[in-house]
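Novice: Mind folding the following:
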Amino acid sequence: MEELKSILEKFAASGWDLIAKPSRAWLDGSQDREALIAAIRQAQQECGSCGCELDSLYPRALELL
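Specialist: This next block holds a predicted model:
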């Protein structure tokens, strides 16, 4: 779970509300797994191949969830 926490901290710090808000909620203990998964899937669809550092983290986060 440490790996997942690290990934979600990067998402939360990204400044992109789509993944930052649900990631922060998860980290704060409001564990709405389905909302987080939906947000990560949407982010992956919208930005999953742009070349940023988050691209490889989307599928890994989904695996860990």
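Novice: C-alpha from now on. contacts and neighbour counts both.
Specialist: Will do.
Novice: so where's the longest helix in the chain?
Specialist: Taking residue count as the measure and DSSP state H as the definition, the longest helix of the chain comes out as helix 33-47.
Novice: Give me the helices and strands touching that helix, please.
Specialist: Using 3 or more Cα pairs under 8 Å, 6 or more residues apart in numbering; DSSP states H and E as the contact test, the elements touching helix 33-47 are helix 17-27, helix 57-64.
Novice: So Ala61 is in contact with Glu2, correct?
Specialist: No - under the criterion of Cα atoms under 8 Å, Ala61 is not in contact with Glu2, lying 11.4 Å apart.
Novice: With neighbour numbers in mind, choose between these two.
Specialist: Each of Ala61 and Glu2 has its neighbours counted (other Cα atoms under 10 Å); Ala61 has more, 19 against 7.
Novice: For the more buried one, which residues are in contact?
Specialist: Under the criterion of Cα atoms under 8 Å, 6 or more residues apart in numbering, the contact partners of Ala61 comprise 4, 7-8, 40.
Novice: what's the closest of these to Glu53?
Specialist: Nearest to Glu53 among the contacts of Ala61, counting by Cα to Cα, is Ile7 at 10.8 Å.
Novice: Quick check: the gap between that closest one and Ser56.
Specialist: For Ile7, the distance to Ser56 (Cα to Cα, to the nearest Å) stands at 10 Å.
Novice: re the thing from before, show residues contacting the longest helix of the chain.
Specialist: For helix 33-47, contacts defined as Cα under 8 Å, 6+ apart pick out 18-19, 22-23, 26, 55, 58-59, 61-62, 65.
Novice: will you turn those residues into a markdown table that also has pLDDT?
Specialist: Conversion of the contacts of helix 33-47 to a markdown table gives the following (pLDDT from 0 to 100):
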| residue | pLDDT |
| --- | --- |
| Leu18 | 95 |
| Ile19 | 95 |
| Pro22 | 95 |
| Ser23 | 96 |
| Trp26 | 95 |
| Asp55 | 91 |
| Tyr58 | 96 |
| Pro59 | 95 |
| Ala61 | 97 |
| Leu62 | 97 |
| Leu65 | 94 |
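Novice: Which pair in those has the greatest spatial separation?
Specialist: Using Cα to Cα, the two most remote members of the contacts of helix 33-47 are Trp26 and Asp55, lying 19.8 Å apart.
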